[in-house]
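Engineer: Based on what follows, work out the 3D shape:
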Amino acid sequence: MSADARVRICKLVVLVLLLQAAVGAAAEGERQPRFERLENGLRLGVVEERGSPLASVQLWYEVGSAADPADSLGLCDVTRRVLAARDEASERLTAAGGRVESRTLRDACYFATLLPNDRVQLALEAEAARMQPLSASAEAVAAAVATVQRESAAAGGRGKGAARQSAGQLFEGHPYGRPGLSEDSLPRLTADAVNEFARRWFIPGNALVLVVGDVDAEATLVRMRELFEPLEWRQPPHVREAPLPEPGAASPAATQDSPAGDVTIAWLTPPARDLKNAAIDVLMHRLCNPVDGPLARRLAEMGYAPPRWRREQWRSAGMLVLETAGSAEARAAVTEEIERAVKGVPNEIELNRARSLVRRDRLWSRADFGRRALQLGWWDIVAGDLLLDDFERTAIRRLPVRDVQAAAAGLLHARQVVVSHREAADRDQPWRAGSAGPTAAPWEAALQAFETPPAIEGIDVKELRPGLRTVLKRVPGQEQTVIATKITATAMQEQAMSALMAVGSELHTVDEIRDYLTYRASEIYPFVNRRTPGAEAQLSGQAGLLAFGPSEYAPQLIELQAELLRRPQTSPQACARAAQLRQKYAESLRLAIEAGEVAAYVPSGFISAAHSAPEYPGSADEVREALASLHNIEQVEIVAIGDFSREDLLGAVEAAWPAAGGTSATQQAGQRCGGAASAGGHELCARRG
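Structural biologist: Below is the predicted model of the structure:
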């Protein structure tokens, strides 16, 4: 690193600290971290977050699979698993109401427990015991190896080979290019090897104990000192960092045409601590988003699926991976659109949409307290400073065009490899879904806790009138709000939930709604609770629409859900199109599942990923019949979780679900704006602006 680069980094760090001191004290003062280092080398950290009566107790080690010897791949993961099973600590923490999680990453591994804040001492004691010198038995190592082998077999799939091959070529000669484990080396791992690896790496001087949550920082640090100061000091490992591959031309595989298959294109990108990664994400969403992304549009015109991309980041480097059709014209389109992005200037709406989609991804990664807490640990151990978490999220909203252009220029000059693989969905095959966003399942699981809301502390239940009630849980500091509009549904109404995603409403088309949601970092999904056999004629417990987005848009999401449920589009043309899309999407999901992939990209023609189970109506007449049944909704419950204004949400519910004979605010707004999107498509109407 040059002297100028070091100076710039120092200035940036100073700027971050000044910004935190100037504006962070008022807005996020409770999240100011407290750190100290004990004489044995162990770092202690506490971050106060008062939103929920919870705490996350984390033990991080700065060692991951990249530290495995070349002939002992999987050694770090096996060692971590032996420690996780030590003294049945996980079982005791789970019995005490904790949620225990442990993982091995490339550059780190962690043990984390999410539990009520009055039981922090129990988790700290467990981690102090875990940090004692390890003397694993052969039986304990064999059990850990068997678990790794079993999980590896269960997670296997054809969709992962190209990603491994891409990393291997991109990081040739570097630990990042090796697989995380080897079926050949696992059986050879011995207790002596595990104990020696733990003696070298799993020591206080290579660790961080972090507590995040509704705790008193000073009192917590006192308890942490008492528990962890007696640990013995040991010399931290001194490892010479492996050099990264030099930028260069694409691998020979890049010159091979793959007209009958897909290709994976991988670029070398900056390490986790580099804020240029945010610009790369904005660039990729700008190019690939299905609303106005130029690369997605060009590939669609050629008859190909939308491009799928992801970015992985580690301590020393990162990798951007894009999967697209393997033909020469498709790959040329990728290069040409990146070249255009170097000099091209997107309009304000296009740039804001890309920023918004990046913000959506960041919000999803911090969707609940447990995830937010783990993100802080990751930023500290892998990226080097947990303050970068707040700084990056703030910078995304104002990321200038020149940074996006610089990101495109960087990709053109970065090391790149291209790997051809598997048959794909080309002109003559059903297209596939990609992987650009979250799925509804985690939110559905979260909402199950609200089936009996009166029994849960902090739940605000209000009966607005017979058949309409709200269940609100305000979580201060949670940037993302989840909203479920649930109806007590018949079997026919259950079928309508997924069909809604392909027809839109009488006021707004599918494209207009999707345009609006992507611009506002929001999503809407259908959900249906499964019936028991023989209960088809009975009313279901829950069915409806699930939305999440920034808390400031919670009232608008309530109105949009109501618009879809109360006024679905039932024209013959819309219903016929929905039936055709269902068949096409079901086939694409089948292909994706066969390839071992996870389909999550919103297909063209849908508001969001639609449910593809058999209860989705098959014909146009069945679609129309299911949608018509929504005219007889009798009971509605709106559940909201997040940092919102109670008064604003109640006002939105009453406006969106008026008493019989009334006109909803959405209908009134649609009449005022003619039911059309405003210029640029980023506002459904004046009411939502």
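
Engineer: CA atoms of stretch 165-172 as PDB?
Structural biologist: In PDB, the C-alpha atoms belonging to stretch 165-172 read as follows (Å, rounded to 0.1, in the frame of the first residue of the first chain):
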ATOM      1  CA  GLN A 165     -14.300 -23.500 -10.000                       C
ATOM      2  CA  SER A 166     -14.600 -19.800 -10.500                       C
ATOM      3  CA  ALA A 167     -13.000 -19.100  -7.100                       C
ATOM      4  CA  GLY A 168     -10.300 -21.700  -7.700                       C
ATOM      5  CA  GLN A 169      -9.300 -20.000 -10.900                       C
ATOM      6  CA  LEU A 170      -9.700 -16.400  -9.700                       C
ATOM      7  CA  PHE A 171      -7.600 -17.000  -6.600                       C
ATOM      8  CA  GLU A 172      -5.200 -19.500  -8.000                       C
END
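
Engineer: Show me the contact partners of it.
Structural biologist: Residues from elsewhere that reach stretch 165-172, judged by CB atoms under 8 Å, 6 or more residues apart in numbering: 176-179, 244-245, 251, 253, 264, 266-268, 317, 319, 321, 415-417, 419, 421. In short, each C-beta sits where N, CA and C put it, glycine included.

Engineer: if we go to 7 Å?
Structural biologist: For stretch 165-172, the external contacting residues (CB atoms under 7 Å, 6 or more residues apart in numbering) are 176-177, 245, 251, 264, 266, 268, 319, 321, 415, 417, 419.

Engineer: Over to stretch 127-140?
Structural biologist: With contact meaning CB under 7 Å, 6+ apart, stretch 127-140 is reached by 57, 59, 82-83, 85-87, 89, 111, 191, 194-195, 198-199, 202, 204, 207, 209, 227-228, 231.

Engineer: Work out the gap between it and the centre of the chain.
Structural biologist: Put simply, stretch 127-140 sits 33 Å off its chain's centre (CA atoms, centre = their mean, to the nearest Å).

Engineer: mind listing what's buried in it?
Structural biologist: Within stretch 127-140, the residues that qualify as buried are 127-128, 130-131, 134, 136, 140, counting by 16 or more other CB atoms under 10 Å.

Engineer: Show the end-to-end separation of it, please.
Structural biologist: Start-to-end span of stretch 127-140 (CA to CA, to the nearest Å) is 19 Å.

Engineer: just to revisit the earlier point, if you look at the buried residues of stretch 127-140, which of them are in helices?
Structural biologist: Here DSSP state H is the test, and the buried residues of stretch 127-140 give 127-128, 130, 140 as lying in helices.

Engineer: now residue 504: how far from residue 301?
Structural biologist: Distance, residue 504 to residue 301, using CB to CB, to the nearest Å: 23 Å.

Engineer: Could you count how many residues lie near residue 243?
Structural biologist: Counted with other CB atoms under 10 Å, residues neighbouring residue 243 total 9.

Engineer: element containing it?
Structural biologist: According to DSSP states H and E, residue 243 maps onto no helix or strand at all.

Engineer: ok, how many other residues are close to the nearest residue to it once chain neighbours are set aside?
Structural biologist: Closest residue in space to residue 243, ignoring its immediate chain neighbours: residue 174 at 7.5 Å, by CB to CB, 6 or more residues apart in numbering. Residue 174: 18 surrounding residues under other CB under 10 Å.

Engineer: just residue 571 next, same as before
Structural biologist: 11.

Engineer: now residue 103
Structural biologist: Burial of residue 103 is recorded as 14 neighbouring residues (other CB under 10 Å).

Engineer: quick one: it from residue 109, how far?
Structural biologist: Going from residue 103 to residue 109 by CB to CB gives 7 Å.

Engineer: cool, residue 281 as well?
Structural biologist: In terms of CB to CB, residue 281 sits 26 Å off from residue 109.

Engineer: Might you list the low-confidence residue ranges for the stretch 101-250 of the chain?
Structural biologist: 155-161, 248-250 (pLDDT under 70).

Engineer: got it, and the chain?
Structural biologist: The low-confidence ranges in the chain, as defined by pLDDT under 70, are 1-31, 155-161, 248-261, 421-457, 530-541, 587-603, 609-617, 660-689.

Engineer: Quickly list the domain ranges of it.
Structural biologist: Listed by automatic domain parsing, the domain ranges of the chain are 33-228, 252-423, 441-688.

Engineer: out of the ones in helices among the buried residues of stretch 127-140, which one sits closest to residue 286?
Structural biologist: Proximity of those to residue 286 (CB to CB) peaks at residue 127, which lies at 42.9 Å.

Engineer: Just the helices from the stretch 451-600 of the chain, written as ranges.
Structural biologist: Here the stretch 451-600 of the chain has its helices, by DSSP state H, counting those that start in this stretch, at 491-503, 510-519, 554-566, 572-594.

Engineer: Tell me which of those approaches residue 483 most closely.
Structural biologist: helix 554-566 (5.2 Å).

Engineer: residues making contact with the closest one?
Structural biologist: For helix 554-566, contacts defined as CB under 7 Å, 6+ apart pick out 481, 483, 485, 487, 500, 505, 507, 513, 522, 524, 545, 547, 549, 630, 633, 638, 640, 642, 644, 648-649, 652-653, 655-657, 664-666, 688.

Engineer: try it again with 8 Å
Structural biologist: Helix 554-566 has contacts (CB under 8 Å, 6+ apart) with 481, 483, 485, 487, 500, 504-505, 507-508, 513, 516, 520, 522, 524, 544-545, 547, 549, 630, 633, 638, 640, 642, 644, 648-649, 651-653, 655-657, 664-667, 670, 684, 687-688.

Engineer: mind putting the helices of the stretch 451-600 of the chain in CSV, mean neighbour count included?
Structural biologist: CSV is the format used below for these (neighbours: other CB atoms under 10 Å):
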stretch, mean neighbour count
helix 491-503, 26
helix 510-519, 22
helix 554-566, 25
helix 572-594, 18
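
Engineer: Format those helices as CSV; extra columns: distance to residue 361.
Structural biologist: Below are the helices of the stretch 451-600 of the chain laid out as CSV (distance: least, CB to CB, whole Å):
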stretch, distance to residue 361
helix 491-503, 21
helix 510-519, 12
helix 554-566, 18
helix 572-594, 20
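
Engineer: Which of these sits closest to residue 220?
Structural biologist: If you check each of those against residue 220 by CB to CB, helix 554-566 wins as the nearest, at 32.7 Å.

Engineer: what distance separates the closest one from the middle of the whole chain?
Structural biologist: Distance, centroid of helix 554-566 to centroid of chain: 24 Å (CA atoms, centre = their mean).

Engineer: picking up where we left off before, can I get the domains of the chain in CSV including distance to residue 238?
Structural biologist: Compiled in CSV, the domains of the chain are given as follows (distance: least, CB to CB, whole Å):
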stretch, distance to residue 238
domain 33-228, 10
domain 252-423, 16
domain 441-688, 40
